[in-house]
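Colleague: requesting a structural model of the entry that follows:
(one chain, ligands or ions: 1)
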Amino acid sequence: ATLTQTFAERAEKATHPLTRYLFRLMELKQSNLCLSADVTTARGLLAIADKVGPYIVVLKTHYDLISGWDYNPQTGTGAKLAALARKHGFLIFEDRKFVDIGKTVQMQYTAGTARIIDWAHITNANIDAGKDMVRALAEAAAKWKGRRHCEVKTSVTVGALDEDGTVNGVSPSHVEPLEEQIRPVSPERDADGRKGSIVSITTVTQSFEHAGASGHADDAESVFPGIEEAPADRGLLLLAQMSSKGCLMTREYTQACVEAARDHRDFVMGFVSQEALNSADDDAFIHMTPGCKLPPPGEEDKPIDGDGLGQQYNTPDKLIKGAGTDIVIVGRGILEAADPVSEAERYRKRAWKAYLGRLGK
Ligand code: 5IU
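Modeller: Residues are numbered from 1 along each chain as shown. Okay, the predicted model is just below:
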């Protein structure tokens, strides 16, 4: 039934704020195209994201194949991508394919050098390790969202207090993230190791800007005026099926993904799959599908070969209209074209036409 619904109708039914936002974005940009930005350098990634941004609704990354990734949370590659996402109106999807025990995936999602949760609106997981890890990632996302709204920066000034209460030798105040403040505050040592007492605690209630949440506004003039800001939420796609030859994911595994998605509607946006998995009318999950390629312009009847390394390709028509998925993910089809920008526009048009065809329009 969802196959004959418009993306606008699906936007109304979706329970996840980011899914609602994404469906609206798709209608607005008339795009159901995701670029898989598998380039080798951070500079190249930002350049292609800026150029192709107007034609896509999702930018898929593999941060770990990018050289020169700048991990600075405020000014690094993640923050710059987030600014481009705001400028052009697309969501960032880090194709991280988490698979491990709950505690480990929480750490991989939120910590480490990349801090994926800070800049990627969407990530994905393989649930082979059991569906509790979906709950673990959901909890991490909920905590992230909570922190974003109540983060408080406190500036603690350390110095020696005279008996009459005057302050002596005040150290430069320092500002630390909330977590690090939870330690004994008095007696204190200042930055140079001098002992003293806390003489002033200035609590600045300033909402902490996660780099990925809004990015920097300066260059964020949108090409599409109607685009709202993405909600400050995080979403997960479950890796339900893969495009590669000999994929070992069984029907039972795929069905377990559907069940896990229904159990976590507030966090799971949908699936990376090769076909539609929404069976009941009330499912508004979104499907993104890699393994998509068009024959070169003018050679429309030519069959599309795989890449010789297990990748298998289908056309947007086959995936969107035939198999009922919603967004096609295209990497080399666009990246290796002589003109990636006009090729992105060609894929956008074809994928959108396939969607309209599915609606019978
Ligand atoms: N990707 C797949 N198939 C899958 C999943 C992910 O190809 O089932 I899940 C990724 C791998 C690559 C991109 O980053 O999607 C496809 O790139 P090409 O369009 O260049 O084949």
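
Colleague: wait, what's in contact with whichever residue of the stretch 201-350 of the chain sits closest to the ligand?
Modeller: The ligand sits closest to Gly331 of the stretch 201-350 of the chain, with a gap of 2.6 Å, by C-beta to the nearest ligand atom. Where C-beta positions appear, they are placed from N, C-alpha and C, glycine not excepted. Residues near Gly331 by C-beta atoms under 8 Å, 6 or more residues apart in numbering: Leu35, Ser36, Ala37, Asp38, Lys60, Pro290.

Colleague: swap in Leu239?
Modeller: With C-beta under 8 Å, 6+ apart, Leu239 has these contacts: Lys97, Asn124, Ala125, Asn126, Ile127, Met249, Cys257, Phe271, Val272.

Colleague: repeat for Asp326
Modeller: Counting by C-beta under 8 Å, 6+ apart, Asp326 has contacts Phe7, Met26, Asn32, Gly270, Ile286, His287, Met288, Ile320, Tyr355.

Colleague: quick revisit: contacts with the ligand among the contacts of Gly331, please.
Modeller: Among the contacts of Gly331, the residues lying close to the ligand (C-beta under 6 Å from any ligand atom) are Ser36, Asp38, Pro290.

Colleague: which pLDDT value goes with the first one?
Modeller: In the predicted model, Ser36 carries a pLDDT score of 98.

Colleague: repeat for the last one
Modeller: Per-residue confidence (pLDDT) for Pro290: 98.

Colleague: how many neighbouring residues does it have?
Modeller: Burial measure for Pro290: 24 neighbouring residues, criterion other C-beta atoms under 10 Å.

Colleague: the second one now?
Modeller: By the measure other C-beta under 10 Å, the count of residues near Asp38 is 16.

Colleague: quick check: it touching Leu335?
Modeller: Yes. Under the criterion of C-beta atoms under 8 Å, Asp38 makes contact with Leu335 at 6.8 Å.

Colleague: and Ala141, how far is that from Val105?
Modeller: 11 Å (C-beta to C-beta, to the nearest Å).

Colleague: same question, Arg265
Modeller: As for Arg265, its distance to Val105 is 19 Å (criterion: C-beta to C-beta).

Colleague: so between these two, which is more surrounded?
Modeller: Between Arg265 and Val105, counted using other C-beta under 10 Å, Val105 has the larger neighbour count: 22 against 16.

Colleague: over to that one. Which of the three states is it?
Modeller: helix (DSSP: H, G, I helix; E, B strand; the rest coil).

Colleague: residue contacts, the closest residue to it other than its chain neighbours?
Modeller: Leaving aside its chain neighbours, Val105 sits nearest to Phe98 (4.4 Å; criterion: C-beta to C-beta, 6 or more residues apart in numbering). Neighbour list for Phe98: Val105, Gln108, Tyr109, Thr123, Asn124, Ala125, Asn126, Met133, Leu137 [criterion: C-beta under 8 Å, 6+ apart].

Colleague: show me those residues that map onto helices.
Modeller: Counting by DSSP state H, these place Val105, Gln108, Tyr109, Met133, Leu137 in helices.

Colleague: which among those residues count as buried?
Modeller: Taking 16 or more other C-beta atoms under 10 Å as the criterion, what is buried in the ones in helices among the contacts of Phe98 is Val105, Gln108, Tyr109, Met133, Leu137.
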